[in-house]
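Q: Dropping a prediction and its sequence here:
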Amino acid sequence: MDVKGEVDGIVVVDDFAHHPTAVRATIEAARLRWPDRRLWAILEPRSNSMRRRVFQDALPPALALGDRALLGSVHRAGQLSEEQRLDPETVAAAFASSGKTRASCRERMLLPIFSPPKRARRFAAGDVQW
């Protein structure tokens, strides 16, 4: 976990969670470090492993350790067949079935989270595709 900064009480943390076990461990560690804060998991399926459907069933329970989750589009989705590619909408629906606020696959959903007077900066190791 790499703390990128804090603005108006929002702590921005970056982590290279390339599979659901790593997502779970990162969220658990964040809960321990900031026990009284809402925790949003913002995930872009970008790594070669995370882009694949093999993790589709394991991601929702890992993300459900957070309060809310936002999922971006699969990076370089066209390089994988539909049968191989993770489906963020399916992950979002499974996350929501855990009783959590519906996960989204749309960047505009970030706006209500960081509405004034809060501000946010997006950090990425490349172009984030939502």
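A: Arrived safely.

Q: Give me the contacts around the top helix by length along the chain.
A: Among the segments of the chain that qualify as a helix by DSSP state H, the longest is helix 20-33. Contact with helix 20-33 is made by 1, 13, 15-17, 39, 41, 43, 55, 58-59, 61-63, 65-66, as judged by Cβ atoms under 8 Å, 6 or more residues apart in numbering. Glycine gets a C-beta too; all of them are placed from N, C-alpha and C.

Q: Can you name the element that comes right after it?
A: Next helix or strand after helix 20-33 toward the C-terminus (DSSP states H and E): strand 40-43.

Q: Off-centre distance for the helix or strand just after that next one?
A: Moving toward the C-terminus from strand 40-43, the next helix or strand (DSSP H and E) is helix 59-63. Going by Cα atoms, centre = their mean, to the nearest Å, the spacing between the C-alpha centre of helix 59-63 and its chain's C-alpha centre is 10 Å.

Q: Buried residues of helix 59-63, list them for me.
A: Neighbour counts over helix 59-63 (16 or more other Cβ atoms under 10 Å) mark 59-60, 62-63 as buried.

Q: returning to what we had before: and the contacts of helix 20-33, which is closest to G72?
A: Distance to G72 across the contacts of helix 20-33 (Cβ to Cβ) is lowest for L43, with 6.8 Å.

Q: Show the contacting residues for that closest one.
A: By Cβ under 8 Å, 6+ apart, the neighbours of L43 are 17, 23, 50, 59, 63, 69-72.

Q: got a markdown table for the residues you listed, with pLDDT too?
A: Shown next, in a markdown table, are those (pLDDT from 0 to 100):
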| residue | pLDDT |
| --- | --- |
| A17 | 78 |
| V23 | 90 |
| M50 | 89 |
| L59 | 92 |
| L63 | 90 |
| A69 | 83 |
| L70 | 83 |
| L71 | 83 |
| G72 | 83 |
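
Q: Brilliant, that's me finished.
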